[in-house]
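S.K.: Here is a sequence with its predicted model. Questions after.
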Amino acid sequence: MAVYHILIVDDNPAIIEILDIYLKEAGYRTYHAGNGEAALKVLKCHTVHLILMDIMMPRLDGIRATLRIREENNIPIILISAKTQERDKIDGLETGADDYITKPFSPPEVLARVRAQLRRYTTLNRETALGDEIHIRGLSIFFKSKTVTVDEVTVKLTPTEFKILCLLAKHKGEVMSVEVIYEAVWEQAFLGADSTVMFHISKLREKLEENPKKPLYLKVVWGQGYMIE
């Protein structure tokens, strides 16, 4: 069984210690960093499969660190923050993070989120179905390399964005509800109105569409869900 490496980034040693204990008991190997700058140094020296990233830290905060990491790395990033407002969550997801957990958190919940993200990430690494690629007009999705191009120009997506796009592309022409998308991509029960899917669809449109207000690929069917025509 593969041993996954988790990078915990937080300026509070007590939080690092709690997460470290739970993650090691679950069989993960951990690395620690007290701010975003230290996290970037760890990534240069070690193989990391997932990052738990605090937002409010000195020197380089979690938002700016996530933006820096996303310039060249698509490993899953889960933000952990004391900020609980919906706008804060939106801002965090828009940086390229894959999930957002608010403090105070439950360690078992963090473990469940970590497992879900790692399942999605490893699934993307193994994806070879449908002849390894899908082409929809100028949009091309390549499963083996986990890359996407629009009119032969490479578009950088986060693992979650890539998973949503693959799901919709494999069901081209079908309307998929927010609940179906959420449970397929996040691999956990949909517990009511959740704007997370909408946030990621919005980011996908910004990256894929020439005019996000008049999308060519990602269409909304009001009151029903989303589809790729």
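M.R.: Done, it's in. Numbers count the residues shown, from 1 in each chain.

S.K.: what ranges do the helices span in this structure?
M.R.: Assigned by DSSP state H, the chain shows helices spanning 13-25, 36-45, 62-70, 86-94, 107-126, 159-170, 178-186, 196-208.

S.K.: What mean pLDDT does the longest one get?
M.R.: Looking back up the chat, that one is helix 107-126. Average pLDDT, helix 107-126: 81.

S.K.: show me the contacts for residue 119.
M.R.: residue 187 (CB atoms under 8 Å, 6 or more residues apart in numbering). Any C-beta I mention is one placed from the backbone N, CA and C, and that applies to glycine too.

S.K.: how near is it to residue 76?
M.R.: Distance, residue 119 to residue 76, using CB to CB, to the nearest Å: 10 Å.

S.K.: Now tabulate the helices of the chain in CSV and tack on distance to residue 222.
M.R.: Putting the helices of the chain into CSV (distance: least, CB to CB, whole Å) gives the following:
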stretch, distance to residue 222
helix 13-25, 41
helix 36-45, 40
helix 62-70, 31
helix 86-94, 21
helix 107-126, 28
helix 159-170, 17
helix 178-186, 12
helix 196-208, 13
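
S.K.: Of the ones you listed, which is nearest residue 144?
M.R.: Counting by CB to CB, residue 144 lies closest to helix 107-126 out of the helices of the chain; the figure is 9.1 Å.

S.K.: Pull the distance from that closest one to the chain's centre.
M.R.: A distance of 10 Å separates the centroid of the chain from that of helix 107-126, by CA atoms, centre = their mean, to the nearest Å.

S.K.: Take it, keep the C-alpha atoms, and write them as CSV.
M.R.: Once non-C-alpha atoms are left out, helix 107-126 reads as follows in CSV (Å, rounded to 0.1, in the frame of the first residue of the first chain):
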residue,chain,number,x,y,z
PRO,A,107,-9.8,15.9,13.3
PRO,A,108,-12.0,13.0,12.0
GLU,A,109,-13.6,15.4,9.5
VAL,A,110,-10.2,16.5,8.4
LEU,A,111,-9.1,12.9,7.8
ALA,A,112,-12.3,12.2,5.8
ARG,A,113,-11.6,15.2,3.6
VAL,A,114,-8.0,14.2,3.2
ARG,A,115,-9.0,10.7,2.1
ALA,A,116,-11.6,12.0,-0.3
GLN,A,117,-9.1,14.4,-2.0
LEU,A,118,-6.4,11.6,-2.2
ARG,A,119,-8.9,9.2,-3.8
ARG,A,120,-9.8,11.8,-6.4
TYR,A,121,-6.1,12.7,-7.1
THR,A,122,-5.0,9.1,-7.5
THR,A,123,-8.1,8.4,-9.7
LEU,A,124,-7.0,11.2,-12.0
ASN,A,125,-3.5,9.7,-12.1
ARG,A,126,-5.0,6.3,-13.2
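
S.K.: and the angle from that helix to helix 13-25?
M.R.: Interaxial angle, helix 107-126 versus helix 13-25 (axes from the mean of the first three to the mean of the last three CA atoms, to 10 degrees): 60 degrees.

S.K.: where does this protein have low pLDDT?
M.R.: By pLDDT under 70, the low-scoring segments of the chain are 1-2, 122-131, 192-194.

S.K.: I'd like the distance between residue 159 and residue 10.
M.R.: 22 Å.

S.K.: So those two - more neighbours on which side?
M.R.: residue 10 (25 against 22; other CB atoms under 10 Å).

S.K.: give the contact list for the nearest residue to that one once chain neighbours are set aside.
M.R.: Nearest residue to residue 10 in three dimensions, chain neighbours excluded: residue 54, at 4.1 Å (CB to CB, 6 or more residues apart in numbering). Taking CB under 8 Å, 6+ apart, we find residue 54 in contact with 9-12, 15, 62, 79-81.
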